[in-house]
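Q: pasted the sequence and its predicted model underneath.
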Amino acid sequence: MAIVITGATGQLGTLVIDSLLERGATPTEIVAGGRNAERLAQLAAKGVRTATIDYSQPDTATAAINEGDTVVLISSSEVGTRVAQHEAVIDAAKAKGAARIVYTSVLGGDPDALILAPEHVATESLIRESGLPATIVRNGWYTENYVADIAQGETTGVIVNSAGKGRVASASRADYAAGIAAIALEDGHEGKVYEFSGDKAWDFEEFAKTLADAIGRDVEYRALTTEEHKAALTSNGLDEGTIGFITGLDANIRDGGLALTTGDLSRVSGRPTTTLAETLRTLTA
């Protein structure tokens, strides 16, 4: 029986493997699945087994999963095709007799609250319909998602978006990875739905001040209306789809879509989540 991690060559997946090893997992009981051969070789150097798992090629998941395995399904990054890709892994896990599936969904699980949510909600439904024992891990936002905002603040002294006074309960990728690893290794998580997020939510005025403290220069937050934001992004040459996604997400944040704090992540991982200040200091060092 093994722990099979799909998407293991991505940023979150690699950190999940690191956390599994830190928590005492036997390397040969871990199967790192992905499609990037170079990254798989780097993971193999840590002593774990590797397998080619390509979300667009269902047979690769079937070949990698065996009876009794715990499958950590890290959600695909290919927006628009994720449900079919996830379904292929779920079907493979069921067909091969996997013991459990752990899925990384999105905070809140409300298709109307986040622009990213519908595909995750659909995947949760597929998992329920499969009858597989499962744990749903609804991940909030990674603080590292704001590297572009950090660069903007460092360069111009201004952070601009249309999130207004909305709050974000972010945590570091490593925090989320620690929680996922704990679930994969421990008993007692079957049938649970966890809302993973940072211990404390912040708004963008606080983000700007925290960034200013980290880099030693003034940074201000400038809130735009959605229409002003769309116009600014258009003038910067972004396409309509990207503009819609960015402003839609900011509207979700403004409405509280990423503000939920439950303490689930720190409880499951056994440690407080990394503060905004700590992550910003790391990212700007």
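A: Received the coordinates, thanks. Because the structure is a prediction, the values reported are computed rather than measured.

Q: okay, CA-based contacts and neighbour counts for the rest of this
A: OK.

Q: report the rounded mean pLDDT for stretch 94-103.
A: What stretch 94-103 shows for mean pLDDT is 98.

Q: the helices in the chain, which residues?
A: Remark: helices assigned in the chain by DSSP state H are 11-22, 37-44, 58-64, 82-95, 117-130, 147-156, 173-185, 204-215, 226-235, 240-254, 264-269, 276-284.

Q: next, the angle from the second one to helix 11-22.
A: Pointing back at helix 37-44 there. Calculated by axes from the mean of the first three to the mean of the last three C-alpha atoms, to 10 degrees, helix 37-44 forms an angle of 20 degrees with helix 11-22.

Q: tell me which residues are up against helix 37-44.
A: Applying C-alpha atoms under 8 Å, 6 or more residues apart in numbering, the external contacts of helix 37-44 come out as T9, T14, A32, G33, G34, T50, A51, T52.

Q: next, the buried residues of it.
A: For helix 37-44, burial by neighbour count (16 or more other C-alpha atoms under 10 Å) applies to R39, L40, L43, A44.

Q: try the shortest one
A: Of the residues in helix 264-269, those buried under the neighbour-count criterion (16+ other C-alpha under 10 Å) are D264, L265, S266, V268, S269.

Q: ditto for the last one
A: Taking 16+ other C-alpha under 10 Å as the neighbour-count basis, helix 276-284 is seen to contain the buried residues L276, T279, L280, L283.

Q: how many neighbours does the closest residue to S269 other than its chain neighbours have?
A: Nearest non-adjacent residue to S269, counting by C-alpha to C-alpha, 6 or more residues apart in numbering: G179, 4.3 Å away. Counted with other C-alpha atoms under 10 Å, the neighbours of G179 add up to 24.

Q: hang on, isn't G179 packed against V268?
A: Yes. With contact defined as C-alpha atoms under 8 Å, G179 counts as touching V268 (5.6 Å).

Q: now the buried residues of helix 264-269 in a markdown table, with distance to G108 and pLDDT?
A: As requested, those are arranged in a markdown table below (distance: C-alpha to C-alpha, whole Å; pLDDT from 0 to 100):
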| residue | distance to G108 | pLDDT |
| --- | --- | --- |
| D264 | 12 | 99 |
| L265 | 14 | 99 |
| S266 | 17 | 99 |
| V268 | 17 | 99 |
| S269 | 19 | 98 |
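
Q: got CSV for the residues you listed, with distance to A61 too?
A: Converted to CSV, the buried residues of helix 264-269 look like this (distance: C-alpha to C-alpha, whole Å):
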residue, distance to A61
D264, 30
L265, 28
S266, 31
V268, 28
S269, 28
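
Q: including pLDDT and distance to G108, could the buried residues of helix 37-44 go into JSON lines?
A: JSON lines is the format used below for these (pLDDT from 0 to 100; distance: C-alpha to C-alpha, whole Å):
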{"residue": "R39", "pLDDT": "96", "distance to G108": "32"}
{"residue": "L40", "pLDDT": "97", "distance to G108": "32"}
{"residue": "L43", "pLDDT": "97", "distance to G108": "32"}
{"residue": "A44", "pLDDT": "97", "distance to G108": "35"}
